[in-house]
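Undergrad: Requesting a structural model of the entry that follows:
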Amino acid sequence: MISIDNRNKQVPTEVVVFDGGKIYKAPTNKELASNYVKDVDASTVFPFKKIDGKKYYWSKELKDAYFSGFEVKDNSEDADFTGLDICPAIEYLDAIGIADNSSKDNCDMFFTVSSMDMLQKVSEYYKLPFPLNEEQKRALENNLDFFAFLQLPERAFTIGGVKFVNGLPSVLKMYLYPKHYNGWQIWMNGEAVHNNGSTLELGVSIRKGTGGPKLKNFNNKNKGGTSAAELIYSIYKDKKILYKLEYTYDDTLHWTGLVVDDELNVLDRRNFRSTALGRKLKLNFFSPVTEYENELPEPPAGTYGWIGYSWFDSNVKLKECYFLFMGDYDKLDAIAASYNLPVPYKEKEPVFDIRASHYKVPLIGDSVPLTVCGVVFNENGTAEDLVLYKFKRRLEFDDPLEVPDVKPIIDKLLTTDVNLF
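TA: This next block holds a predicted model:
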């Protein structure tokens, strides 16, 4: 639970410890979500309240850092820490959790833990047991950011908390957010299957908070305090592919897959483009056709049409065309039969579990969870493969999911002089 290398484990979303390492709570992502409900008056930093009525008020400094680069309307009040007994060793007060803001007798006061020495001073000031055991303390000593809730532009938001009961400090807690590998969090697993469920491609999306700065050789996700470096890496047949965000062509399928060797030499490129239909379904706008779009084969009956396509530089004439799959496996079976190809799956998994995204689908709804299938056409325009893409959000599953070994490629990208992204 406290390890800094959890790549083959299911990592708890949150672990709260107190009194020498005892578990205060360690909910899964599903359990954590069930404890909170949407609150229209809450801060957009955390737009929820607990089901017991507790609300969260955030410091102005934290909100400004979290949303730097955004224009965000925040309907909540800033946290007011007046009247609380505050340890002089606490440099950053970050939030208050409280059911009745008119009285602070019963509340949680959250602060940034900057070091183990600082946390020890907090423990001594409030005369409360140190929240970690020796093993946990050693793990966090020089790796606090590996367990941070959020990476702000200037510092990691690593959380400590004091619970006040009837006006008295009663529990000193440490909030841990374990990562899968050295501060990197596995966000999504990807797998492309074909030929009755055989794996064609196995990939992973892995992220690390940066608080704003872009990390060389990694994609940059979001803005301001929510920014993260992201690596999307896969093994496709015998190829190692790094997926690069590419906005040159359009904003729907904006990826270029760089096929690399162990020294990060680029051997080939996998190019993705959206179609007009794909752009309309995803972003609800019309736009001119993209490269090769008018040359694509007819889409299979029973689908809305192609939403995108891809090809490798090494074989421009061999293209894969993508269509949306809505969970009707009978239709997918019929499409396989129409091309005289085997079905791409072994088990019929719910579409929500393997969805690519949510799309606006005519006559059905504005936000429908859909996954993606692909038909591979050879140089003669003959369909030679039917592929099902499975995207699995790691935190939605109770058991660990298989991923390729990302450690060597991350270490190489962090230390190389090559500039790929």
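Undergrad: OK, contacts around Arg155?
TA: By CB atoms under 8 Å, 6 or more residues apart in numbering, Arg155 lies in contact with Tyr92, Thr112, Ser114. Backbone N, C-alpha and C define where each C-beta goes, glycine included.
Undergrad: List buried members of the residues you listed by neighbour count.
TA: By neighbour count, with 16 or more other CB atoms under 10 Å, the contacts of Arg155 hold Thr112, Ser114 as buried.
Undergrad: Pull the residues that contact stretch 130-139.
TA: For stretch 130-139, the surrounding residues in contact (CB under 8 Å, 6+ apart) are 2-4, 17-21, 116, 119-120, 123, 140, 160, 172-174.
Undergrad: First-to-last residue distance for it?
TA: 15 Å (CA to CA, to the nearest Å).
Undergrad: what is the rounded mean pLDDT of it?
TA: In this model, stretch 130-139 has a mean pLDDT of 93.
Undergrad: Next: stretch 165-184.
TA: 93.
Undergrad: would you list every one of the strands in the stretch 251-400 of the chain?
TA: 255-260, 266-274, 308-312, 315-325, 357-361, 365-377, 383-393 (DSSP state E, counting those that start in this stretch).
Undergrad: could you dump those strands to CSV with mean neighbour count?
TA: Shown next, in CSV, are the strands of the stretch 251-400 of the chain (neighbours: other CB atoms under 10 Å):
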stretch, mean neighbour count
strand 255-260, 19
strand 266-274, 18
strand 308-312, 21
strand 315-325, 19
strand 357-361, 16
strand 365-377, 18
strand 383-393, 18
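Undergrad: And for the nearest residue to Cys87 once chain neighbours are set aside, the neighbour number?
TA: Spatial nearest neighbour of Cys87, chain neighbours left out: Tyr125 (4.1 Å); criterion: CB to CB, 6 or more residues apart in numbering. Counted with other CB atoms under 10 Å, the neighbours of Tyr125 add up to 17.
Undergrad: Run through the residues that contact Tyr125.
TA: By CB under 8 Å, 6+ apart, the neighbours of Tyr125 are Cys87, Pro88, Ala89.
Undergrad: in the stretch 101-250 of the chain, which spans are strands?
TA: 107-112, 150-151, 156-157, 159-165, 168-176, 185-194, 198-209, 219-221, 228-236, 239-245.
Undergrad: Under the pLDDT cut-off, which ranges of the stretch 201-350 of the chain? List them.
TA: Along the stretch 201-350 of the chain, the parts satisfying pLDDT under 70 run over 223-225, 249-251, 283-288.
Undergrad: Tell me where the stretch 51-200 of the chain has helices.
TA: 60-66, 116-126, 134-141 (DSSP state H, counting those that start in this stretch).
Undergrad: Please identify the deepest-packed of those.
TA: Of all those, helix 60-66 carries the top mean neighbour count, a mean of 18, counting by mean count of other CB atoms under 10 Å.
Undergrad: Centre of the chain to that helix, how far?
TA: 21 Å (CA atoms, centre = their mean, to the nearest Å).
Undergrad: what does stretch 352-362 give?
TA: Distance of stretch 352-362 from its chain centroid, counting by CA atoms, centre = their mean, is 17 Å.
Undergrad: hang on, Phe48 packs against Leu32?
TA: No: using CB atoms under 8 Å, Phe48 is not in contact with Leu32; the gap is 10.2 Å.
Undergrad: about what we covered before: and Tyr57, which of the strands of the stretch 101-250 of the chain is closest to it?
TA: Of all the strands of the stretch 101-250 of the chain, strand 107-112 sits nearest to Tyr57, with 9.5 Å by CB to CB.
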